[in-house]
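>>> sharing a sequence plus its predicted fold:
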Amino acid sequence: MSTKRELFRDAERGKIAGVCAGISDYFNMELWLVRILVVTAVLLSGGPFIVVAYIAAWFILDKKPAEKTVKNADSIHQDPLEVKFKVWQKGEPPRRALQDLKDRLARVDGRLQEMERYVTSTEFTVSREINKL
């Protein structure tokens, strides 16, 4: 099942208008690489066409909609890791992603141990018996 991708300006990550950031999101590329490609295109082509295209994209593209996320330190449900397989792709390097996964699993394991400790405690047994009354 594929999701529909749309091209937006990402003003939060952008330097001027967020056009390069939007292109980077759309093509799943690193932002620095898109910026280098745009600057190189401006320098090699003489500039006017690329600059006009950038300004046109600035006015034509809609701003990226704000993402509604609730960040909770104890939340098990987190954003999926995006691992980059090539240098130009967006995402985390494999070693960093592996370390992040280890950290997440350690937090989940700690929470599971706390729940197990509570369920096997006398406090839980007494509380359950009171609730049965």
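Sure thing, it's come through.
>>> mind showing which ranges of this structure have poor pLDDT?
When residues are selected by pLDDT under 70, those of the chain lie in 1-3, 68-91.
>>> strands along that one, start to end?
Under the criterion DSSP state E, strands are not mapped anywhere in the chain.
>>> and the longest helix for it?
helix 94-119 (DSSP state H).
>>> who are the packing partners of that helix?
The helices and strands touching helix 94-119, judged by 3 or more Cβ pairs under 8 Å, 6 or more residues apart in numbering; DSSP states H and E, number zero. For the C-beta atoms, the positions are set from N, CA and C on the backbone; glycine is no exception.
>>> now with 10 Å?
helix 122-132 (3 or more Cβ pairs under 10 Å, 6 or more residues apart in numbering; DSSP states H and E).
>>> who touches the helix it packs on?
Contacts of helix 122-132 from elsewhere in the structure, counted by Cβ atoms under 10 Å, 6 or more residues apart in numbering, are 115, 117-119, 121.
>>> just to revisit the earlier point, quick one: the longest helix of the chain to helix 122-132, angle?
For helix 94-119 against helix 122-132, the angle between stretch directions is 60 degrees (axes from the mean of the first three to the mean of the last three Cα atoms, to 10 degrees).
>>> where's helix 94-119 relative to the chain centroid, distance-wise?
Distance, stretch centre to chain centre, for helix 94-119: 20 Å (Cα atoms, centre = their mean, to the nearest Å).
>>> in that helix, what counts as buried?
Under the neighbour-count criterion of 16 or more other Cβ atoms under 10 Å, helix 94-119 has nothing buried.
>>> quick revisit: tell me which of the contacts of helix 122-132 is nearest to P93?
Nearest to P93 among the contacts of helix 122-132: M115, at 33.2 Å, using Cβ to Cβ.
>>> so how far is S121 from the closest one?
According to Cβ to Cβ, to the nearest Å, M115 stands 11 Å off from S121.
>>> list the contacts for the closest residue to P65 other than its chain neighbours?
Spatial nearest neighbour of P65, chain neighbours left out: F8 (7.4 Å); criterion: Cβ to Cβ, 6 or more residues apart in numbering. Neighbour list for F8: 18-19, 21-23, 25-26, 61-65 [criterion: Cβ under 10 Å, 6+ apart].
>>> no further questions, thank you.
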